[in-house]
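Colleague: Fold the following.
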Amino acid sequence: MVKFLAKILPRPWLSLILLNLWLLLNNSLASGQILLGILLAIGITHLVPQSLDAPIKFKRPWRLFAYTGLVLLDIIRANFIVARQVLGPNSALKSRFLNVPLDLTHPVAISLFAGTITLTPGTVSCELSADKKFLLVHALHAENPIDEINALKQRYEARLSLIFDSETHPAHPLPRNKA
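Modeller: Numbering: from 1, shown residues only. You can find the predicted model right below:
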(Lines give C-alpha, C1' and ligand atoms only; values in the text may rest on other atoms or scores of the structure.)
Protein backbone atom coordinates (compact mmCIF):
# COMPACT_ATOMS: atom_id res chain seq x y z
CA MET A 1 0.00 0.00 0.00
CA VAL A 2 2.86 2.39 0.85
CA LYS A 3 4.54 1.75 -2.52
CA PHE A 4 1.25 2.43 -4.27
CA LEU A 5 0.83 5.75 -2.44
CA ALA A 6 4.45 6.68 -3.13
CA LYS A 7 3.84 6.02 -6.82
CA ILE A 8 0.74 8.23 -6.90
CA LEU A 9 2.18 10.95 -4.64
CA PRO A 10 5.93 11.01 -5.29
CA ARG A 11 6.27 14.35 -3.47
CA PRO A 12 3.41 14.61 -0.97
CA TRP A 13 4.51 17.97 0.48
CA LEU A 14 4.72 19.54 -2.96
CA SER A 15 1.28 18.12 -3.81
CA LEU A 16 -0.19 19.58 -0.62
CA ILE A 17 1.39 22.98 -1.27
CA LEU A 18 0.09 23.01 -4.85
CA LEU A 19 -3.41 22.01 -3.74
CA ASN A 20 -3.50 24.76 -1.11
CA LEU A 21 -2.15 27.29 -3.60
CA TRP A 22 -4.83 26.29 -6.11
CA LEU A 23 -7.59 26.67 -3.53
CA LEU A 24 -6.24 30.03 -2.35
CA LEU A 25 -5.99 31.37 -5.89
CA ASN A 26 -9.54 30.30 -6.67
CA ASN A 27 -10.85 31.51 -3.31
CA SER A 28 -13.17 28.53 -3.19
CA LEU A 29 -13.58 25.28 -1.28
CA ALA A 30 -16.15 23.90 -3.71
CA SER A 31 -15.84 20.16 -4.27
CA GLY A 32 -15.11 20.72 -7.97
CA GLN A 33 -12.21 23.05 -7.15
CA ILE A 34 -10.84 20.61 -4.59
CA LEU A 35 -11.02 17.72 -7.07
CA LEU A 36 -9.42 19.78 -9.84
CA GLY A 37 -6.73 20.96 -7.40
CA ILE A 38 -5.94 17.37 -6.40
CA LEU A 39 -5.68 16.29 -10.04
CA LEU A 40 -3.44 19.25 -10.89
CA ALA A 41 -1.25 18.72 -7.82
CA ILE A 42 -0.72 15.04 -8.61
CA GLY A 43 -0.15 15.73 -12.31
CA ILE A 44 2.32 18.54 -11.73
CA THR A 45 4.35 16.53 -9.22
CA HIS A 46 4.75 13.79 -11.83
CA LEU A 47 5.97 16.33 -14.40
CA VAL A 48 8.61 17.90 -12.13
CA PRO A 49 12.01 16.35 -12.91
CA GLN A 50 13.57 14.14 -10.25
CA SER A 51 16.75 16.23 -10.47
CA LEU A 52 14.96 18.94 -8.49
CA ASP A 53 14.83 16.59 -5.51
CA ALA A 54 18.60 16.83 -5.11
CA PRO A 55 19.59 18.53 -1.87
CA ILE A 56 20.81 22.10 -2.08
CA LYS A 57 24.39 22.35 -0.88
CA PHE A 58 25.38 25.63 0.70
CA LYS A 59 28.95 26.67 1.34
CA ARG A 60 27.96 29.66 3.46
CA PRO A 61 24.19 29.70 4.12
CA TRP A 62 24.42 32.67 6.51
CA ARG A 63 25.36 34.86 3.55
CA LEU A 64 21.82 34.39 2.21
CA PHE A 65 20.58 36.90 4.79
CA ALA A 66 23.05 39.55 3.62
CA TYR A 67 22.20 38.75 -0.01
CA THR A 68 18.47 39.13 0.69
CA GLY A 69 19.08 42.49 2.37
CA LEU A 70 21.21 43.64 -0.55
CA VAL A 71 18.51 42.65 -3.06
CA LEU A 72 15.77 44.40 -1.07
CA LEU A 73 17.81 47.61 -0.89
CA ASP A 74 18.60 47.37 -4.61
CA ILE A 75 14.90 46.93 -5.42
CA ILE A 76 14.01 50.06 -3.44
CA ARG A 77 16.85 52.06 -4.98
CA ALA A 78 16.06 50.83 -8.51
CA ASN A 79 12.41 51.87 -8.13
CA PHE A 80 13.48 55.49 -7.70
CA ILE A 81 16.00 55.31 -10.53
CA VAL A 82 13.48 53.81 -12.97
CA ALA A 83 10.80 56.33 -11.93
CA ARG A 84 13.24 59.18 -12.57
CA GLN A 85 14.26 57.71 -15.94
CA VAL A 86 10.70 57.16 -17.11
CA LEU A 87 9.02 60.25 -15.66
CA GLY A 88 11.91 62.69 -15.84
CA PRO A 89 12.61 65.15 -18.62
CA ASN A 90 15.48 63.07 -19.99
CA SER A 91 13.56 60.06 -21.23
CA ALA A 92 16.17 59.07 -23.81
CA LEU A 93 16.38 55.50 -22.58
CA LYS A 94 18.87 53.13 -24.16
CA SER A 95 17.21 49.78 -23.64
CA ARG A 96 19.30 46.81 -24.67
CA PHE A 97 19.57 43.08 -24.48
CA LEU A 98 22.62 41.90 -22.56
CA ASN A 99 24.11 38.45 -22.98
CA VAL A 100 25.48 37.76 -19.50
CA PRO A 101 28.06 34.93 -19.35
CA LEU A 102 27.45 32.72 -16.34
CA ASP A 103 30.10 31.39 -13.99
CA LEU A 104 27.45 29.76 -11.79
CA THR A 105 26.72 26.06 -12.34
CA HIS A 106 24.30 25.22 -9.52
CA PRO A 107 20.72 25.30 -10.92
CA VAL A 108 19.30 26.98 -7.81
CA ALA A 109 22.03 29.62 -7.89
CA ILE A 110 21.28 30.33 -11.56
CA SER A 111 17.56 30.58 -10.75
CA LEU A 112 18.24 32.97 -7.89
CA PHE A 113 20.48 35.08 -10.11
CA ALA A 114 17.82 35.26 -12.84
CA GLY A 115 15.10 35.94 -10.27
CA THR A 116 17.13 38.71 -8.65
CA ILE A 117 17.61 40.38 -12.02
CA THR A 118 13.89 40.15 -12.77
CA LEU A 119 12.88 41.45 -9.32
CA THR A 120 15.09 44.51 -9.67
CA PRO A 121 13.18 47.22 -11.57
CA GLY A 122 14.71 48.12 -14.92
CA THR A 123 15.98 44.63 -15.75
CA VAL A 124 14.36 41.33 -16.64
CA SER A 125 15.81 37.88 -17.29
CA CYS A 126 14.59 36.65 -20.65
CA GLU A 127 16.24 33.36 -21.50
CA LEU A 128 18.84 30.90 -20.30
CA SER A 129 20.94 29.38 -23.07
CA ALA A 130 20.62 25.63 -23.67
CA ASP A 131 24.14 25.02 -22.35
CA LYS A 132 23.39 27.20 -19.26
CA LYS A 133 26.42 29.37 -19.98
CA PHE A 134 24.60 32.63 -20.84
CA LEU A 135 21.60 34.51 -19.50
CA LEU A 136 19.82 36.92 -21.81
CA VAL A 137 18.80 40.03 -19.86
CA HIS A 138 16.82 43.06 -21.02
CA ALA A 139 17.89 46.34 -19.43
CA LEU A 140 15.62 49.38 -19.58
CA HIS A 141 18.62 51.71 -19.70
CA ALA A 142 22.21 50.62 -20.31
CA GLU A 143 24.71 53.26 -21.42
CA ASN A 144 27.56 50.77 -21.59
CA PRO A 145 26.50 47.10 -21.91
CA ILE A 146 29.84 45.74 -20.67
CA ASP A 147 29.66 47.86 -17.52
CA GLU A 148 26.09 46.67 -16.90
CA ILE A 149 27.10 43.02 -17.33
CA ASN A 150 30.07 43.48 -14.99
CA ALA A 151 27.84 45.19 -12.41
CA LEU A 152 25.38 42.26 -12.45
CA LYS A 153 28.17 39.71 -12.19
CA GLN A 154 30.03 41.48 -9.39
CA ARG A 155 27.00 42.55 -7.37
CA TYR A 156 24.92 39.36 -7.56
CA GLU A 157 26.66 36.44 -9.26
CA ALA A 158 29.87 36.73 -7.22
CA ARG A 159 27.88 36.73 -3.99
CA LEU A 160 25.80 33.73 -5.07
CA SER A 161 28.95 31.81 -5.97
CA LEU A 162 30.12 32.33 -2.39
CA ILE A 163 26.81 31.03 -1.00
CA PHE A 164 26.36 27.88 -3.10
CA ASP A 165 28.57 24.84 -3.22
CA SER A 166 29.52 24.74 -6.87
CA GLU A 167 32.69 24.70 -8.90
CA THR A 168 32.59 28.45 -9.40
CA HIS A 169 34.91 31.19 -8.39
CA PRO A 170 33.84 34.81 -7.91
CA ALA A 171 32.63 36.27 -11.19
CA HIS A 172 35.36 37.52 -13.46
CA PRO A 173 34.54 40.86 -15.06
CA LEU A 174 34.58 41.37 -18.80
CA PRO A 175 37.20 43.71 -20.23
CA ARG A 176 35.95 47.30 -20.35
CA ASN A 177 35.13 48.94 -23.62
CA LYS A 178 37.72 51.54 -24.60
CA ALA A 179 35.12 53.64 -26.44
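
Colleague: contact partners of the worst-scoring helix or strand of the chain on mean pLDDT?
Modeller: Across the helices and strands of the chain, mean pLDDT, DSSP states H and E gives its lowest value to helix 2-8, namely a mean of 81. Here helix 2-8 makes contact (CB atoms under 8 Å, 6 or more residues apart in numbering) with residue 42. Heads up, the C-betas are built off the backbone N, CA and C, glycines and all.

Colleague: Repeat that for stretch 19-35.
Modeller: 36-38, 40-41.

Colleague: Would you mind giving the residues you listed as JSON lines with distance to residue 148 and pLDDT added?
Modeller: Output for those, formatted as JSON lines (distance: CB to CB, whole Å; pLDDT from 0 to 100):
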{"residue": "36", "distance to residue 148": "44", "pLDDT": "97"}
{"residue": "37", "distance to residue 148": "42", "pLDDT": "95"}
{"residue": "38", "distance to residue 148": "46", "pLDDT": "95"}
{"residue": "40", "distance to residue 148": "39", "pLDDT": "94"}
{"residue": "41", "distance to residue 148": "40", "pLDDT": "92"}
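
Colleague: Out of the residues you listed, which end up buried?
Modeller: 37, 41 (16 or more other CB atoms under 10 Å).
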